[in-house]
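In: output the structure for:
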Amino acid sequence: MAKAVQQGLGVNGIGNCWTAGGRLQVGDNSGGGHSPVWPAAAQTASSWKARRTDLWWRGYGSADRTLVRRRDFGYGSREFRAASDLARRMPYSPRVSALIRSVARDPAVIRALVAIWRLPVVDLQVGRADADAWLGDDASPVGCMIQNARWAQAVLDLPTTEEHYLSGRPRQALRTNLRHARDIGVTSYRVLTYEEWFEAASVILAGRSDGADMTTEITKPELGQRVAYYLASDADKTPLAFARVALFGQFAVLFTMLSHLDRRPSASWARYQLHTFLALDLGSSGVEQLLLGSALRGTAGNQYFQHLLGYRIRNLRVTFDRHGRGR
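Out: A predicted model of the protein is given here:
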């Protein structure tokens, strides 16, 4: 697998995933076998359990659960800019000595580290079957993320209704993009088979300079790996964007999302519609949160895209149930 990081929604710089050679592919950039637009998908629940812990006082990263006052910081804030600058300058797995040197050069690094440490925490639990499917010595990029990603991750609390998700001033830009997509006849839908999805994805990849490499990487899921496939097409049924999501019961990981580079701005509008569609599809089926990866290492454009879609910056605390409870 190629080691280059595909820029897009910001899925890059996740723990040690990239040193293992893998990558998550998220870019900016009416046939049978799919459900209608805005469906309520029926997904079976697994033993993954996600629970928001936005408590004012919660321990994190220590055995004695030391009380820490949790504090969010949003897109564009001073803390956000400082933490992003730090993340981009540091290697993916920084040594303590590297952090010390950064602090010595710029005392503001201390404030950035404290801001990251104090972020609200999301607790995740993975069951034995899901661990066996996604983790291991030769873990996939999704497995690497679950094993290694802990700090400042992009997390979307999934909506259950379109009205709730799109309401309010923060979603005004998203509503505008969705209106443009609707006006030109873009349709988003879920595809039931990998083969149908890959055929459409190949059309999009053929128009990308990195398409040949990605075509070899977008392989069928391994045994036990549950994946949902999504497509967006124009009025002539030409594929404009595609995405796939790893399913873990009560939460999921968006690990591929790419659009057609030769069909702008329609492909860009389609990407907004596609993400909105899959968020509502997953949310209405009982999935609570969607994980994307690092919220800090992406480009400013990628981070703004995350902001428009409603992602929040959270730390993750993952525990593994190896005793076979649940899925």
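In: the helix or strand hosting residue 270: how far from the chain's middle?
Out: Using DSSP states H and E, residue 270 sits in helix 266-284. With CA atoms, centre = their mean, to the nearest Å as the basis, helix 266-284 stands 13 Å off its chain's centre.
In: what ranges do the helices span in the stretch 201-327 of the chain?
Out: Along the stretch 201-327 of the chain, counting by DSSP state H, counting those that start in this stretch, helices occupy 211-217, 266-284, 300-309.
In: export stretch 172-192 to PDB, keeping only CA atoms.
Out: Extracted in PDB, the C-alpha atoms of stretch 172-192 (Å, rounded to 0.1, in the frame of the first residue of the first chain):
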ATOM      1  CA  GLN A 172     -26.400  27.600   6.400                       C
ATOM      2  CA  ALA A 173     -23.400  27.000   4.100                       C
ATOM      3  CA  LEU A 174     -24.200  23.200   4.000                       C
ATOM      4  CA  ARG A 175     -27.800  24.000   3.100                       C
ATOM      5  CA  THR A 176     -26.600  26.100   0.200                       C
ATOM      6  CA  ASN A 177     -24.400  23.400  -1.100                       C
ATOM      7  CA  LEU A 178     -27.200  20.900  -0.800                       C
ATOM      8  CA  ARG A 179     -29.500  23.200  -2.700                       C
ATOM      9  CA  HIS A 180     -27.000  23.500  -5.600                       C
ATOM     10  CA  ALA A 181     -26.700  19.700  -5.700                       C
ATOM     11  CA  ARG A 182     -30.400  19.200  -5.800                       C
ATOM     12  CA  ASP A 183     -30.900  21.900  -8.500                       C
ATOM     13  CA  ILE A 184     -28.600  20.000 -10.900                       C
ATOM     14  CA  GLY A 185     -30.200  16.700 -10.200                       C
ATOM     15  CA  VAL A 186     -27.600  15.000  -8.000                       C
ATOM     16  CA  THR A 187     -28.800  11.900  -6.200                       C
ATOM     17  CA  SER A 188     -27.100  10.000  -3.400                       C
ATOM     18  CA  TYR A 189     -27.800   6.400  -2.500                       C
ATOM     19  CA  ARG A 190     -26.500   3.400  -0.700                       C
ATOM     20  CA  VAL A 191     -25.200   0.500  -2.800                       C
ATOM     21  CA  LEU A 192     -25.700  -3.000  -1.500                       C
END
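In: what distance separates that stretch from the centre of its chain?
Out: 19 Å.
In: with stretch 257-264 instead?
Out: Distance of stretch 257-264 from the chain centroid (CA atoms, centre = their mean) equals 18 Å.
In: and it, average pLDDT?
Out: Averaged across stretch 257-264, pLDDT comes to 83.
In: thinking again about what came up before, what's the angle between the helix holding residue 270 and helix 300-309?
Out: 40 degrees (axes from the mean of the first three to the mean of the last three CA atoms, to 10 degrees).
In: can you name every helix or strand that helix 266-284 contacts?
Out: Contacts defined by 3 or more CB pairs under 8 Å, 6 or more residues apart in numbering; DSSP states H and E place helix 266-284 against helix 162-166, helix 172-183, strand 187-191, strand 227-233, strand 239-248, strand 251-259, helix 300-309. (Each C-beta comes from the backbone N, C-alpha and C, glycine too.)
In: which parts of the second one are buried?
Out: What it means is helix 172-183. Within helix 172-183, the residues scored as buried using 16 or more other CB atoms under 10 Å are 174, 177-178, 180-181.
In: find the nearest non-adjacent residue to the residue nearest the centre of the chain, please.
Out: Closest to where the C-alpha atoms of the chain average out (CA atoms, centre = their mean) is residue 292, at 1.6 Å. Among residues not flanking residue 292 along the chain, residue 154 sits closest, at 3.9 Å (CB to CB, 6 or more residues apart in numbering).
In: try residue 87
Out: Per CB to CB, 6+ apart, closest to residue 87 is residue 296, 3.7 Å.
In: so who does that neighbour touch?
Out: 13, 80, 83-84, 86-88, 152, 303, 313 (CB atoms under 8 Å, 6 or more residues apart in numbering).
In: among these, which ones are buried?
Out: So, by 16+ other CB under 10 Å, the buried ones in those are 13, 80, 83-84, 86-87, 152, 303, 313.
In: next step: the residues you listed restricted to helices.
Out: 80, 83-84, 86-87, 303 (DSSP state H).
In: most widely separated two among those?
Out: Greatest spacing in those, by CB to CB: 86 and 303 (14.1 Å).
In: closest one to residue 108 among the helices and strands packed on helix 266-284?
Out: helix 300-309 (18.7 Å).
In: using PDB, list the CA coordinates for that closest one.
Out: The C-alpha trace of helix 300-309 is given here as PDB (Å, rounded to 0.1, in the frame of the first residue of the first chain):
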ATOM      1  CA  ALA A 300      -7.200  24.500   6.400                       C
ATOM      2  CA  GLY A 301      -9.600  23.700   3.600                       C
ATOM      3  CA  ASN A 302     -10.200  20.200   4.900                       C
ATOM      4  CA  GLN A 303     -10.700  21.500   8.400                       C
ATOM      5  CA  TYR A 304     -13.300  24.000   7.200                       C
ATOM      6  CA  PHE A 305     -15.100  21.200   5.400                       C
ATOM      7  CA  GLN A 306     -15.200  19.200   8.600                       C
ATOM      8  CA  HIS A 307     -16.500  22.300  10.400                       C
ATOM      9  CA  LEU A 308     -19.400  22.800   7.900                       C
ATOM     10  CA  LEU A 309     -20.400  19.200   8.300                       C
END
